[in-house]
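Novice: Using only what follows, build the 3D model:
(one chain, ligands or ions: 1)
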Amino acid sequence: MSNRTFTMIKPDATEKGHTGGILEMINKAGFRIVAMKMTHLSPAKAGEFYAVHKERPFYGELVEFMSRGPITAAILEKENAVEDFRTLIGATNPANAAEGTIRKKYAASIGENAVHGSDSDENAAIEGSFFFSQLEQF
Ligand code: CMP
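Specialist: Have a look, this model is predicted:
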């Protein structure tokens with residue numbers, strides 16, 4: 001069990017001004033932000049980040065959406081970080097997200113679902129290093 005996970009506040013949530021509200025929910029849930037930056041992914045970079053989904057029918061739509069506007073990327077620290085963060089964000093489809101979760105409050109649809117959270121310790125490390133060098137992780 002690792003104590004770090006990776007998240008992105010996606011373009012839909014950025015556009016709607018929800019970055020502060022989402023960060024507040026993250027902090028209140030006991031996560032410590034150990035790296036953070038706001039950036040705008042090019043279609044090529046978004047495609048690289050989500051390469052694992054390349055064969056899925058929604059890949060094109062996902063890449064277009066994730067490169068539509070700025071995102072906030074962060075590495076979060078907490079005991080049992082990956083699992084606890086997935087509980088905090090709720091189901092991928094906001095229609096199935098539990099009360100009190102970030103997606104229940106802020107997500108519009110399965111595609112535009114406000115936040116990303118790593119699904120394993122291994123992917124958390126890969127995704128964190130996609131955005132942050134060792135010097136940028138505290
Ligand atoms: P995320 O947790 O960032 O990981 C993969 C993303 O693909 C997911 O959130 C959704 O934004 C997107 N996604 C998953 N399923 C679908 C779908 N059926 N249609 C469109 N986008 C999807």
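
Novice: In the protein, what residue spans correspond to strands?
Specialist: 4-9, 32-39, 71-77, 115-117 (DSSP state E).

Novice: how far away is the most centrally placed residue in the chain from Asp12?
Specialist: With distances taken as CA atoms, centre = their mean, His116 lies nearest the centre of the chain, 2.4 Å away. According to CB to CB, to the nearest Å, His116 stands 12 Å off from Asp12. Bear in mind the C-beta positions are built from the backbone N, C-alpha and C, glycine included.

Novice: sorry, back to before: can you redo the strands of the chain as a markdown table with distance to Phe85 and mean pLDDT?
Specialist: Shown next, in a markdown table, are the strands of the chain (distance: least, CB to CB, whole Å; pLDDT from 0 to 100):
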| stretch | distance to Phe85 | mean pLDDT |
| --- | --- | --- |
| strand 4-9 | 5 | 98 |
| strand 32-39 | 12 | 98 |
| strand 71-77 | 6 | 98 |
| strand 115-117 | 5 | 98 |
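
Novice: hey, which of these is tucked in deepest?
Specialist: Of the strands of the chain, the one with the most neighbours on average (mean count of other CB atoms under 10 Å) is strand 4-9, at a mean of 25.

Novice: Adjacent strands (with direction) for it?
Specialist: strand 71-77 (antiparallel), strand 115-117 (antiparallel) (DSSP bridges).

Novice: possible to save these as CSV with distance to the ligand?
Specialist: Listed next are the strands paired with strand 4-9 as CSV, based on distance: least, CB to the nearest ligand atom, whole Å:
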stretch, distance to the ligand
strand 71-77, 11
strand 115-117, 4
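
Novice: Same list (these) but as CSV, adding distance to Ile102.
Specialist: CSV is the format used below for the strands paired with strand 4-9 (distance: least, CB to CB, whole Å):
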stretch, distance to Ile102
strand 71-77, 12
strand 115-117, 5
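
Novice: for the ligand, what are the nearby residues on the protein?
Specialist: Taking CB under 6 Å from any ligand atom as the contact definition, the chain meets the ligand at His53, Phe58, Glu61, Leu62, Thr92, Ile110, Gly111, Asn113, His116.

Novice: List the contacts of the second one.
Specialist: When the contact criterion is CB atoms under 8 Å, 6 or more residues apart in numbering, the partners of Phe58 are Gly111.
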